[in-house]
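I would like the atomic coordinates for the input below:
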Amino acid sequence: MHDTCEIVCINKDAVDRVRSHMLSQQLVVDTADTFKVLGDPTRLRLLYALTQRDLCVCDLSAVLGMTQSAISHQLRVLRGARLVKYQKVGKVVYYSLADNHVVQLLDIGVAHARESQPR
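So this is what the prediction gives:
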């Protein structure tokens, strides 16, 4: 038994309709890059902490139990992916989520993971 079609194309109209709605190659690459960044447990923990409130590097370090250097490195990656932003207040830099889409990505990912866990 084969798990692939033996015919090249059954429904040309359906294929054409789906093709006309496909994402651009650049949008696919950009979206895949976002998911790659989200694929790191430390970065997910940082983002989840920032769903609670804006925090500075030293506070994020205390929350996650990691060095400020390690936190700063991960925040640079998250900034590069446009998932977090920062604001300098005096000598302190506060990080926050870039927008509500980041919250939605996290919420959906966590909900899916919870549903997938064995009961």
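
so where is this protein shaky, pLDDT-wise?
Where the chain drops to pLDDT under 70, the residues are 1-2.

the strands in it, which residues?
Taking DSSP state E to define them, one finds strands in the chain at 55-56, 84-89, 92-97.

just tell me which of the ones you listed ends up closest to residue 14.
strand 92-97 (38.6 Å; CB to CB). Quick note: C-beta positions are derived from backbone N, CA and C, even for glycine.

before we move on, back to that, now render the strands of the chain as CSV, adding distance to residue 47.
Putting the strands of the chain into CSV (distance: least, CB to CB, whole Å) gives the following:
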stretch, distance to residue 47
strand 55-56, 11
strand 84-89, 7
strand 92-97, 7
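
pick the most buried one from those.
Among the strands of the chain, strand 55-56 has the highest mean neighbour count (mean count of other CB atoms under 10 Å), at a mean of 18.

for it, the distance to its chain's centre please.
Strand 55-56 sits 19 Å away from the centroid of its parent chain (CA atoms, centre = their mean, to the nearest Å).

what about the residue minimising distance to the centre of the chain, distance to residue 77?
By CA atoms, centre = their mean, the chain has its centre lying nearest to residue 38, at 3.7 Å. Distance from residue 38 to residue 77, counting by CB to CB, to the nearest Å: 11 Å.

what's the answer for residue 60, then?
Counting by CB to CB - residue 60 and residue 77 are separated by 14 Å.

quick one, which of the two is more surrounded?
Neighbours were tallied for residue 60 and for residue 77 using other CB atoms under 10 Å; the higher tally belongs to residue 60 (22 against 16).
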